[in-house]
Structures are given as structure tokens and as C-alpha cells.
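> I'd like to go over a predicted model; first the sequence, then the structure.
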Amino acid sequence: MPKPRNAQVSIAATPYYHCVSRCVRRAFLCGKDAQTGVDYEHRRGWIEKRILKLGQIFCIDVCAYAVMSNHYHIVLHLNEKEQSSLSMDQVLTRWQSLFSGNQLVSRYLREESMCDAELQVVKDISEQWRTRLADLSWFMRALNEGIARDANFEDCCTGRFWEGRFKSQALLDEQALAACMAYVDLNPIRANMAKTPEKSDYTSAQKRIKDAQKTPTEANTPYQPLTLFPFVGNPRDPMPQGLPFKLSEYLELLDWTGRIIRDDKRESIPANTPTILSRLSIETKNWLHSAQHFERSFKQFAGKIDAVRTACQKLGYQRIPNIGALLT
């Protein structure tokens, strides 16, 4: 029996999560349906656009994503610091940009005169919405419901579009985070939909590469998309908000891994192994396996055994799930 979401997601354990949603119908979510001849490729753009929009409204950062034919992957960062820094007005405005608002809230935002009791109700509502703005389930709900409505309208039908629950995996350390992001970004290459990361449409890798290519030669650091959680370099003190890797190292790692996967050179690994693997203490063979089978290799948690054991204790687990597949 699946565990409730609050037994899988804990910001105290980790702010990073890998989520997957799959289409429940025979017809493709995106791409061309071979049986009917109908082309749904444009829906991939719907999903990418909505992912990036929600990342700007919720206190949840988009680290990586890949939109495939009948499912999508997304790596998210729950931004507790941003959540706590929002003013009440910002919380109310953000939430009402997505969902039907509350009459009292609308009056408050129009700066109409209100009594103390009404102001207290608005304050209580804002705290509830503040919590939801950093809630993984609410983010996925806002993403999936909007796409389902548009797809049902286009197909002139009703009913379930997605599987009942999205799958989530907690990424407990840098090794798991890097492996999962690469797994997501390289999905089109593994599926023979693209040859290189820059040719992988509707992925965060392609978006990051396009922005990096726009960087003037005199610039000290490459441009990064404002809609994606930025790379800020190796861990240090003080550590700025962002992914704990260098963008150049990550793109080099993607290119190297993608070529091996594409050319089927697993038995003859090139000598120019990316330095990021050495820094993260990841064996090359383990890395290549994770980059191709991450979703199947791990269940609720991904990371080293010690990190998973700590997370299980915080969530009240009596045993460690799938312990044989954990990173060592």
C-alpha cells in the first residue's frame, strides 16, 4: 500500500525531490499517435511552459525537467527561505494568480476598509496559502490539473488523464541530486529521441545550454535561465541559494555521459572522466548505471545509506526501503 505523501516528503530530510507523472490513456500525452495519426507534439510545450510558470509562483524551484511522450520528469527544490520571506500581500497575490480567490482576500488586496475580525481571517488564510506555496503536492496538483483540463477539452472527452498519484523520490545528498538530474536531462537520449543534450527538446538541459551559448566572451560566468534554479558552484561558506555544482562541470558531465549511452561504450569508458565525479566520490560504473536506471534503482529515497537512514528516522520508518540499491 502506498505511503501517504507526508510520510515521503520532509524538508527537514531534504529539500530536493524527483517527481514523475504518467499518462493513463493509451493515446500519447505528446508526440504522434501511430494508430490515429493525430499529432500531440504541441502538448510538450504546454507542460514545459506551465512547469516554468509554476516555478515562479510557488516557493519551489525547478532544477531539471524532461517532457517525454507519455510522461514527464521534474526535479524540484522546496525553498523554505523564500517561503518565509514573502510578505502577506505577496502570498495572497501569488495564490490568487493560480486559483479562485477568497472574497475577503480580494477586498483586502483592493485596500477596502475591513474590521479587525475580517483582517484576522485574511491573515489566517494567508498562512494556509503560504504553507501550500512550498508544498510538493500542491505544485504537482496545479501542474497536472491544468494540463488535464486542456487535453480533455482538446480531445472532446472527460475522465482521468493522469495516473492517480505522481511518484516522488527524495534526493538526500549531492551524489543522488547530480545522478537524478542527469538521469532526467538524458531521458531523450536514452529513448533515442535525441543524440545530444542540446538537441533534447523540452528539457532543462537544452534550456540551460541555449542560455549559456548567449553569454558574451568577456563575461566571467555563463548566463543561466531565470526560470531554473541556478548552479552556484561547489559547497562553501557562506553558500548562496542554488545547486551545489558548477554549470560548466554539469554540462561536461551530461555531454560525456550522453555520448557513452548513445554510442554504447560502457565496456570501454574514455579516460577523460569528468572531475565532478571525483569530487562527489562516485565510481564511473555506478554513475553510468544511475544515469540510465535511476528511477528503477531507488524507491522513496535516493542517497548514501547514512543519509537514507537519517531520513527514515525523521519520518518514522521502521525499516529502510530498498536498502540494497542505495549509493555506497
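Great, that's in hand.
> Same question for the longest helix along the chain: list its buried residues.
Using DSSP state H, we find that the single longest helix of the chain is helix 136-155. Under the neighbour-count criterion of 16 or more other C-beta atoms under 10 Å, helix 136-155 has L136, S137, W138, F139, M140, A142, L143, N144, G146, I147, A148, A151 buried. For glycine as for every other residue, the C-beta is placed from the backbone atoms N, C-alpha and C.
> so which of the residues you listed comes closest to L172?
L172 lies nearest to L136 out of the buried residues of helix 136-155, by C-beta to C-beta, at 15.1 Å.
> Quick check: that closest one touching L76?
Yes - counting by C-beta atoms under 8 Å, L136 touches L76, with 6.7 Å between them.
> Overlap of the contact sets of those two?
Y17, C19, I60 (C-beta atoms under 8 Å, 6 or more residues apart in numbering).
> pLDDT added to those, as CSV?
Shown next, in CSV, are these (pLDDT from 0 to 100):
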residue, pLDDT
Y17, 96
C19, 96
I60, 98
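> between those, which is closest to F301?
Y17 (10.4 Å).
> gap between that closest one and V184?
Using C-beta to C-beta, to the nearest Å, Y17 is found at 12 Å from V184.
> returning to what we had before: who are the packing partners of the longest helix of the chain?
Where contact means 3 or more C-beta pairs under 8 Å, 6 or more residues apart in numbering; DSSP states H and E, helix 136-155 is packed against strand 16-22, helix 42-57, strand 71-78.
> Can I get the next helix or strand after that helix as PDB, trimmed to CA atoms?
Downstream of helix 136-155, the next assigned helix or strand under DSSP states H and E is strand 167-171. Output in PDB follows, covering the C-alpha atoms of strand 167-171 (Å, rounded to 0.1, in the frame of the first residue of the first chain):
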ATOM      1  CA  LYS A 167       5.700   9.300  -8.000                       C
ATOM      2  CA  SER A 168       8.200  11.100  -5.800                       C
ATOM      3  CA  GLN A 169      11.800  10.300  -4.700                       C
ATOM      4  CA  ALA A 170      13.700  12.200  -2.000                       C
ATOM      5  CA  LEU A 171      17.200  13.100  -3.100                       C
END
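> Now for this protein, the helix or strand with the poorest mean pLDDT.
helix 305-315 (a mean of 76; mean pLDDT, DSSP states H and E).
> quick one: buried residues of that one?
Buried-residue list, helix 305-315, by 16+ other C-beta under 10 Å: A307, V308, R309, T310, A311, C312, L315.
> Please apply the same query to stretch 62-79.
62-69, 71-79.
> got a list of contacts for stretch 202-217?
By C-beta under 8 Å, 6+ apart, stretch 202-217 touches 44-45, 47-48, 62-67, 181, 184-188, 197-200, 221-225, 227-228, 247, 251, 254.
> Could you report the neighbour count for Q35?
When neighbours are counted by other C-beta atoms under 10 Å, Q35 registers 9.
> Can you select the buried ones from the contacts of stretch 202-217 in ChimeraX?
In ChimeraX syntax, the buried subset of these is picked out as below (16+ other C-beta under 10 Å):
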select :44,47,48,62,63,64,65,66,67,181,184,185,186,187,188,197,198,200,222,224,227,228,247,251,254
